[in-house]
Structure formats: structure tokens, C-alpha cells
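[1] no FASTA, just this:
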């Protein structure tokens, strides 16, 4: 544990939950595997959603693709948050002071804000948009941003161990 | 596109102000060392088991492997118990003082590969 870390991080790392995760023979491993499986669900639905916004699968009305894909992405993200919290808790002080983790956390905030903004921009127009009809530039820009942010987030996640 | 770049740039700039702690990449593999002596403490925990070893010059923190791998390779907690004499071959941290990660350890005449 880092002893010059913020108090709440030291408390989190010393909590009964954190000890249990570290001492269990399966908890950390399971959270690690679960995090990757959740990432597969999350990023696959994000790619389908963003591809539709950018004009792929044009024969399907946008709302028919985007709405269910967005719900699936949200469940994937929740699972990622739960498993990610377990991994973070076990080594809270070290992970929080890792520069790549800090970048990842900032990217997650940006990604969620971008997704909320896209939802707001498309709230009325999405259901009216027809098959084969290009979506507004703002929506396509959000889709490009979304892909860039989430791929960068995933890369950071893997890179935490190397910096 | 300018907006896109501006937002990405902002994301990259935000976290760089905080001091970085270094991870698995920051070990000096070009200068391996051997740390030998009695084990003073053991944390048989995930993500990596840790021992402290009282070597001739100083007390080293030696990072081992995940506990499931330790078991699989034949290094249960009893093998690396406090008081046992260990010889650990590995790489010194370039960031953390007196810390090394072990490539392999030898205890009770038994050598266990940890990578």
C-alpha cells in the first residue's frame, strides 16, 4: 500500500472487502475474467450502435438498432463498473496513482458524457429517422468520438500494468 | 473534427498533473539480481504474493506471482513461510526502492519458476 495516498483510498484498500478479494483464491481472478467478458458485451454493442449512426446497416431504421444496442451497452458498462471496482479496491492506492489509470478514468467520464449528449441530441429525431436516411452530423460526430474514446479506454485498461 | 481533437486533447491533458505510480513494465530486466536470506513477512494475496527478505545488505520486498499460479507451480504458502531461507532471482524495480520481481525462487532446494 502507498502510505502517502488520500485517506479514503487507504481506507478502501484496508477494508474487509478488499482483504477478502486479495485473500480469496478465485475472487480477483473472477473479477479479472468478468471484466474482459463485460468488455466484449459492451464494446460489441457500442460498435454496432455507432456503426448504425455512421450509416452502416442502412436498411434498418436507426431506432431499431440504436435503442436495443444502447441498452445492451449500458448493461455491459454496469458489469464493467462492478468488476472494475473489485479490481480497483484490491490495490486502490497503487492503481489510483497510476498515470494510465488516471487517463482511463478521465476517458470513461468523457465517454459517458458523450453517450449522454448523443442520447439527448437524438431524443426526438431518432424515432423519426427512416432507413437509408443519413443521420445528422452531430450524431455522426458523437459516434466517431464514442469509438475513439472507448477504444482508447480499453487500451489504457490493458496498459495500466505496464506503466 | 477540430472539436473532436479538442475533446480528445482535453482528456489526455487532465490526468498528467498527478504523480504516476509505475507497474509491471518498470523493472530493470537488463540487470538481474539474486536476493537471498530469511523470509521476514509473507502476504499470500492477489494480484501478487509478496515476501520481504532480509538479505545481507538490506530488506528487500520481493514480488512473486498470483496465488493460483503459485499453487500451480508448487509454491503453496507453506513453502514461502516466514523464517524459511529463500533465494530469489529477478529484476530490481526502477521506481520503488528495494523492490524486485522474482523470475524464479529457490526454497528448501526446490526451484519454482514464477513467469
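    Received it, and whenever you're ready, just let me know what you need. From a predicted model like this one, the values you see are computed outputs, not experimental measurements. Residues are numbered from 1 along each chain as shown, chains lettered A, B, ... in the order given.

[2] phi and psi next, for residue B:27.
    Main-chain dihedrals, residue B:27, degrees, to the nearest 10: phi -130, psi 140.

[3] wait, isn't it in contact with residue B:101?
    Yes. Using Cβ atoms under 8 Å, residue B:27 is in contact with residue B:101, at 5.3 Å. (Each C-beta comes from the backbone N, C-alpha and C, glycine too.)

[4] joint contacts of the two?
    Residues touching both residue B:27 and residue B:101 (Cβ atoms under 8 Å, 6 or more residues apart in numbering or on different chains) are B:90-91, B:93.

[5] Throw those into a markdown table and include pLDDT, thanks.
    Converted to a markdown table, these look like this (pLDDT from 0 to 100):
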| residue | pLDDT |
| --- | --- |
| B:90 | 97 |
| B:91 | 96 |
| B:93 | 94 |
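
[6] top of the residues you listed by number of neighbours, please.
    Counting neighbours by other Cβ atoms under 10 Å in any protein chain shown, residue B:90 leads these with 23 neighbours.

[7] name the nearest residue to that one, ignoring sequence neighbours.
    Take residue B:90 and drop its neighbours on the chain: the residue closest to it by Cβ to Cβ, 6 or more residues apart in numbering or on different chains is residue B:102, 4.0 Å away.

[8] tally up the residues packed near the one you found, please.
    26.

[9] still on that earlier bit, kindly reformat the shared contacts of residue B:27 and residue B:101 as a markdown table containing secondary structure and distance to residue A:128.
    Below are these laid out as a markdown table (DSSP: H, G, I helix; E, B strand; the rest coil; distance: Cβ to Cβ, whole Å):
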| residue | secondary structure | distance to residue A:128 |
| --- | --- | --- |
| B:90 | strand | 63 |
| B:91 | strand | 61 |
| B:93 | strand | 59 |
